[in-house]
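I need the structure of the sequence given here:
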Amino acid sequence: MAASDGLSGAPPLVENDDALLRCLASLLQAIEAADVLGIPTETAREVHADATRRLGFPSDAYVLALVGGTGVGKSSLLNALAGVTVSPASVRRPTTAEPVAWVPDADREALGPLLEWLGVSEVREHGSEGLSSVAVLDLPDMDSVVGEHRERVEALLPLVDAVAWVTDLEKYHDAILHDGFLRTWVPRLDRQAVVVNKADRLTDGDRPRIRRDLERDLGERLTVSDQQPVPVLMTTAAPTPDLDEFRGWLADGAAAKAVVRARVAASVVESARSLARDAGVVLGRDVTPILSEEARTSAIDASTAAVLRAIDLQGLERQAVAATRARARAKGTGPMGRLTSLIYRASGRDTKVADPKGHMLRWRERAPLSPAVESLRVALGAALADASPGVRPALAATMEPVALRQGLERAVDRGVAGLDRLEPPTSRWWWFLGLLQTLAAIAIAVSAAWVVIWILARPIVDSVDVPVIGAVPMPFAALLVSILIGYLLARVLGLHAGWVGRRWARQVRVRVSESIHDEVTQRGLAPLDRLEEARRRLARSTADVVRSCGRG
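Numbers count the residues shown, from 1 in each chain. As a prediction, the model looks like this:
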């Protein structure tokens, strides 16, 4: 199995429909969720990294690459192994210009991305009983004069499970002592062997000698200190095939890959289960919330009530009523009312006492949110005792007063910003009352002028008998009646505006309360919600791991 070097231009292995790759992807998602929960993930990350490093190409098949120079008999070796002509062999050099694949029929689909990326158009399927899980790639000659051949070989080597360096009696010394290709790659690969083809030309005494010399050269010149010895296999592809050593080595490798995949799958499953246990997640059951729905609702209601007290809804109602009366005064009190409204606006009085929107925006100036924060902390504190030990530090962090207060402040600001424009209402009666007020003002002015003329010129006027008072001159009576009508109209306008304002204020209070409650509900416990979502993601990812790689 090859060590991963992370070469650029590698095929999209993650897209391969391999159960173990799905496990690794799900484990990584579980790790990311555990990071949010504050659960230690170093061990799980080591498992993920080790599994990725040990898997080789994602397939149950054991993928072997035949690599060698021109004329060493790679194609003949593959044909002898298959028992049929898979890769044509000839005296023309280089013979293998295009890669040829001999793959198990059961793994043809799984190996599709690799074969497509390599541009392998010659694919032969097999159902060999002895090598039912072995796939062999006959690659272009590594010493070919065509540069693209070498590039393909080098890009593939880190991905396959094993490499067989095929040489012969004429080239093996060059391959060990001189060839820079082997010098570069032999120290970087895990499972590999040097296959000496055409061994039928050796005498019984020469075989062990050449094997020892080759193994010694490999160990001294090419392998690194902590690397397993590279075995030397003697084979004969033709005329009479002798592949016992090669077949045995292939069978051992295929069995080893199956064992490795099983162990990797078991370690991935156990790692995911461990993260789930630390998060207090029980597989096969719905994730129990850290804070129960009843406790959450109670905490949100108490916090919202505290926030609304801080906002001062009674003051908001007074502002709403005052704003309504200010609009009524501008529309329903005639010329004097318009003049009074203009003076109020110019002096800034309306901004102070008749501005509900401004009152809401200035909520921070009136009271802190400490009681609301404390309501949430009490609820979270009760949940802390029941939380799993692995989650407690992260849960405790969500109880920090500063973070909770900032979250509530943002919720209130969003609630205020989400309100429609708080425009005071109006009434069609105010226009009519304004007209009457204008007529009353004219009557007052005319009556006052009449009184002045009567005092100065002393014309003869009628009198009106008023109980208790007696006879009252008509100019005075007209002035008093005009003033009384104006006063009554103002009172009617004030009472009606107050009624309309209080009704609107109640509506504003409901809108503000609902907006704040919605924001606190959705965002007041945002830190806790992030933990809850992470636990759900961890549960889903762990279930995916067990489903893909678990065995009960």
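
Flag the shaky bits of the stretch 301-450 of the chain, pLDDT-wise.
Along the stretch 301-450 of the chain, the model assigns pLDDT under 70 to residues 332, 334-353, 419-421.

for it, what spans make up the helices?
313-332, 334-347, 349-353, 356-361, 370-386, 392-398, 401-417, 428-457 (DSSP state H, counting those that start in this stretch).

got JSON lines for those helices, with mean neighbour count and distance to V546 too?
Where C-beta positions appear, they are placed from N, C-alpha and C, glycine not excepted. Formatted as JSON lines, the helices of the stretch 301-450 of the chain follow (neighbours: other C-beta atoms under 10 Å; distance: least, C-beta to C-beta, whole Å):
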{"stretch": "helix 313-332", "mean neighbour count": "22", "distance to V546": "52"}
{"stretch": "helix 334-347", "mean neighbour count": "15", "distance to V546": "71"}
{"stretch": "helix 349-353", "mean neighbour count": "15", "distance to V546": "64"}
{"stretch": "helix 356-361", "mean neighbour count": "20", "distance to V546": "52"}
{"stretch": "helix 370-386", "mean neighbour count": "18", "distance to V546": "25"}
{"stretch": "helix 392-398", "mean neighbour count": "17", "distance to V546": "24"}
{"stretch": "helix 401-417", "mean neighbour count": "18", "distance to V546": "35"}
{"stretch": "helix 428-457", "mean neighbour count": "15", "distance to V546": "70"}
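
To L77, which of those helices lies closest?
The closest of those to L77 is helix 392-398. By C-beta to C-beta, the value is 58.4 Å.

outside of that closest one, which residues touch it?
36-38, 290, 380, 383-384, 387, 403-404, 525, 527-528, 531 (C-beta atoms under 8 Å, 6 or more residues apart in numbering).

and if we set it to 7 Å?
Helix 392-398 has contacts (C-beta atoms under 7 Å, 6 or more residues apart in numbering) with 37-38, 290, 380, 384, 387, 527-528, 531.

Report the mean per-residue pLDDT for stretch 267-285.
Mean per-residue pLDDT for stretch 267-285: 90.

scratch that, stretch 139-146
For stretch 139-146, the mean confidence score works out to 67.

swap in stretch 170-186?
67.

One more: stretch 473-490?
For stretch 473-490, the mean confidence score works out to 87.

need the contact list for L233.
With C-beta under 7 Å, 6+ apart, L233 has these contacts: 193, 195-196, 245-246, 249.

in what helix or strand does it lie?
Using DSSP states H and E, L233 sits in strand 232-234.

Parallel or antiparallel, which strands does that strand pair with?
If you go by DSSP bridges, strand 232-234 pairs up with strand 192-197 (parallel).

what's the strand it pairs with in contact with?
72-73, 77, 162-169, 172, 186, 210, 214, 218, 230-235, 237, 246, 249.

Please identify the buried residues of it?
192-197 (16 or more other C-beta atoms under 10 Å).

who's in contact with G38?
G38 makes contacts with 393-394, as judged by C-beta under 7 Å, 6+ apart.

The same query, at a cut-off of 8 Å, please.
Residues in contact with G38 (C-beta under 8 Å, 6+ apart) are 390-391, 393-394, 397.

Please apply the same query to K331.
337, 426, 430-431, 434 are the contacts of K331 under C-beta under 8 Å, 6+ apart.

quick one, strands of this protein?
Taking DSSP state E, the strands of the chain run over residues 62-68, 100-104, 122-126, 134-138, 162-168, 192-197, 232-234, 463-466, 470-473.

pLDDT on the second one, on average?
In this model, strand 100-104 carries a mean pLDDT of 89.

Likewise for the third one?
Mean pLDDT, taken over the full extent of strand 122-126, equals 88.

which pair in the contacts of G38 spans the largest distance?
Comparing all pairs in these by C-beta to C-beta, the longest separation belongs to G390 and A397, at 13.4 Å.

Could you count how many residues lie near P239?
8 (other C-beta atoms under 10 Å).

tell me the contacts of it?
Applying C-beta under 8 Å, 6+ apart, no residues contact P239.

same deal with A440?
By C-beta under 8 Å, 6+ apart, A440 lies in contact with 334, 482, 485-486, 489.

Roughly how far does A61 sit from W450?
Remark: distance between A61 and W450 (C-beta to C-beta, to the nearest Å) = 116 Å.
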